[in-house]
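Q: Build me a model:
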Amino acid sequence: MSRPIEDYALIGDLQSAALVSRDGSIDWLCLPRFDSEACFAALLADERYGYWQIAPAREITRVRRRYRPGTLVLETEFSTASGVVRLIDCMPPRDGDPVLIRLIEGVAGRVDMRMTLAARFEYGLTVPRVRQQNAARRIVAGDQSLWVFSPLEVRTHDADLVALFSVGEGDRLPVAAVWRPSHLPAPTPPPASALVEQTGGWWRTWVAGL
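A: As a prediction, the model looks like this:
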């Protein structure tokens with residue numbers, strides 16, 4: 001896997017940032033800060049170093065992307081032969097745990113989708129363990145953990161989380177990942193849809209002050 005750097009868009013919360021490719025893959029993310037070790041680092045070489053992709057399962061005919069005006073809320077719209085689906089990515093500004101929100105919206109028709117979350121801590125050197133804990137999946141390696149919350153039917157394949165699902169017009173399916181030290185208990189599930197709107201409002205306020 002090799003993508004030109006111009007294929008990536010940036011989302012962030014002023015304390016860290018993720019790079020999102022045109023095909024819906026997060027190939028770079030350091031948590032909890034910019035100078036922390038990456039948990040998704042496919043940008044360095046290939047998928048073995050960690051990535052998180054949400055995209056149509058079949059051929060994509062067109063990709064359109066934009067930031068919501070005045071924000072770092074990214075919208076990626078995939079067109080396929082059967083319909084159109086929109087992926088919304090953002091990192092809400094925080095005073096606690098870092099959160100990454102991915103919201104899948106059905107725009108037209110019905111689209112079969114696939115999600116693969118393959119976290120690899122320490123720049124891809126460490127393969128984590130995956131545990132089910134109540135309604136969440138806990139991905140843990142050493143002193144780091146990612147908690148993944150979603151209504152999707154997610155299965156574990158080796159150390160990866162995989163989901164196959166279908167999105168119809170009007171559907172809204174959230175996925176949220178929360179990073180926190182592994183010795184801490186489970187975080188409260190983030191209100192993903194509300195956080196997307198709050199993040200947009202926060203950025204518009206921030207931009208208005210420039």
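Q: Quick check: chain neighbours aside, which residue is closest to Ile26?
A: Excluding the flanking residues, the one nearest Ile26 by C-beta to C-beta, 6 or more residues apart in numbering is Trp52, at 4.3 Å. (Each C-beta comes from the backbone N, C-alpha and C, glycine too.)
Q: Can I get stretch 66-82 as CSV, trimmed to CA atoms?
A: Written as CSV, here are the backbone C-alpha positions of stretch 66-82 (Å, rounded to 0.1, in the frame of the first residue of the first chain):
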residue,chain,number,x,y,z
ARG,A,66,-14.7,18.6,1.9
TYR,A,67,-14.4,20.1,5.3
ARG,A,68,-17.6,21.5,6.7
PRO,A,69,-17.1,25.3,6.3
GLY,A,70,-14.9,26.8,9.0
THR,A,71,-14.2,23.5,10.7
LEU,A,72,-11.9,20.5,10.8
VAL,A,73,-14.9,18.1,10.4
LEU,A,74,-14.1,16.1,7.3
GLU,A,75,-16.8,14.7,5.0
THR,A,76,-15.9,11.9,2.5
GLU,A,77,-18.7,11.0,0.1
PHE,A,78,-18.4,7.7,-1.8
SER,A,79,-20.5,6.9,-4.9
THR,A,80,-21.0,3.3,-6.0
ALA,A,81,-23.2,1.6,-8.5
SER,A,82,-25.9,0.9,-5.7
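Q: What lies in contact with it?
A: By C-beta atoms under 8 Å, 6 or more residues apart in numbering, the surrounding residues in contact with stretch 66-82 are 9-12, 20, 22, 24, 55-56, 58-65, 84-91, 107, 109-112, 196, 199-200, 203-204, 207-208.
Q: try it again with 6 Å
A: Residues from elsewhere that reach stretch 66-82 (C-beta atoms under 6 Å, 6 or more residues apart in numbering): 9, 11, 24, 56, 58, 60-65, 85-90, 109-111, 199-200, 203-204, 207.
Q: Then stretch 124-137?
A: 41, 49-50, 119, 138-141, 147-149, 156, 159, 161, 186.
Q: Stretch 42-61 now?
A: Residues contacting stretch 42-61 (C-beta under 6 Å, 6+ apart): 1, 23-28, 40-41, 78-80, 87, 102, 111-120, 124.
Q: In strands only, show me those.
A: 25-28, 40, 78-79, 87, 102, 111-118 (DSSP state E).
Q: returning to what we had before: narrow the contacts of stretch 124-137 to those that are buried.
A: Buried members of these, counted by 16 or more other C-beta atoms under 10 Å: 41, 49-50, 119, 138-141, 147-149, 159, 161.
Q: State the pair within these that is farthest apart.
A: Farthest-apart pair in the buried ones among the contacts of stretch 124-137 is Tyr49 and Phe149; separation 24.3 Å (C-beta to C-beta).
Q: buried stuff in the top helix by length along the chain?
A: When the chain is scanned for its longest helix (criterion: DSSP state H), the result is helix 192-208. Buried residues in helix 192-208, counted by 16+ other C-beta under 10 Å: Ala192, Ser193, Leu195, Val196, Thr199, Gly200, Trp202, Trp203.
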